[in-house]
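Trainee: Sequence and computational prediction follow.
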Amino acid sequence: MKIFRNIGRKLFLLGAAMTAATVVVATPASAQRDPAYASARSTGALGEKVDGYLGIVGAATPQLQRLVDDINIKRRAVYAQKAQENNATLEQYAMTAGCQAIARTVPGEKYQAPDGSWKTRTSEAPVRDSRCPA
Amino acid sequence: MTGAGALGGCINVSAPDAPIVIELNINIRQEVIYRLAEDAANTIDENADIF
């Protein structure tokens, strides 16, 4: 039954092609939030601050502090490089990113209002600094 | 301070209920933020793991 062998071979090749495609698609996924960070965001344990960095909203634990410090150090490095490229200061660039990061929070996540208080994002637009772009 | 003495000699100063907010980044102007906005949005997209 040569015909079945041929079909079997084609299915095998199709399977191999799909596996290869999966590997290609999976690569950008490594640039997503790690599960601990994603979880801390969704539970509101941490939130986006006005200055462009993450902050701990409630009680700090060593694990949470490490997570926030780690991401904030990485953000600072990115801000510093981008600020230089754009002839801006680190603080200017970081605050601009903060405007955007707060705008991108989803309902349930925490963000810092201009008065320094933590707010929970709803379906309404977040309360942002008056200088933030629309 | 005779007048104050007549009123009991105490001056009460109460702290405001609302926190005193010190506006940080007061030197960052809106036009600078507008200039950087598009670049910052791209930066967030390109670094999705830390935003």
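Mentor: Done, it's in.

Trainee: do you know how far B:Glu46 is from A:Val50?
Mentor: B:Glu46 sits 22 Å away from A:Val50, going by CB to CB, to the nearest Å. Where C-beta positions appear, they are placed from N, C-alpha and C, glycine not excepted.

Trainee: Now the closest residue to B:Ala37 other than its chain neighbours. Its backbone dihedrals?
Mentor: Nearest residue to B:Ala37 in three dimensions, chain neighbours excluded: A:Pro133, at 4.5 Å (CB to CB, 6 or more residues apart in numbering or on different chains). Here is the backbone geometry of A:Pro133 (degrees, to the nearest 10): phi -70, psi 150.

Trainee: got it, and A:Leu46?
Mentor: Torsion angles, degrees, to the nearest 10, at A:Leu46: phi -140, psi 160.

Trainee: residues near it, how many?
Mentor: 23 (other CB atoms under 10 Å in any protein chain shown).

Trainee: which ones are touching it?
Mentor: Under the criterion of CB atoms under 8 Å, 6 or more residues apart in numbering or on different chains, the neighbours of A:Leu46 are A:Ala40, A:Leu54, A:Gly55, A:Ile56, A:Val57, A:Leu64, A:Leu67, A:Val68, A:Lys110.

Trainee: Appreciated, that's everything.
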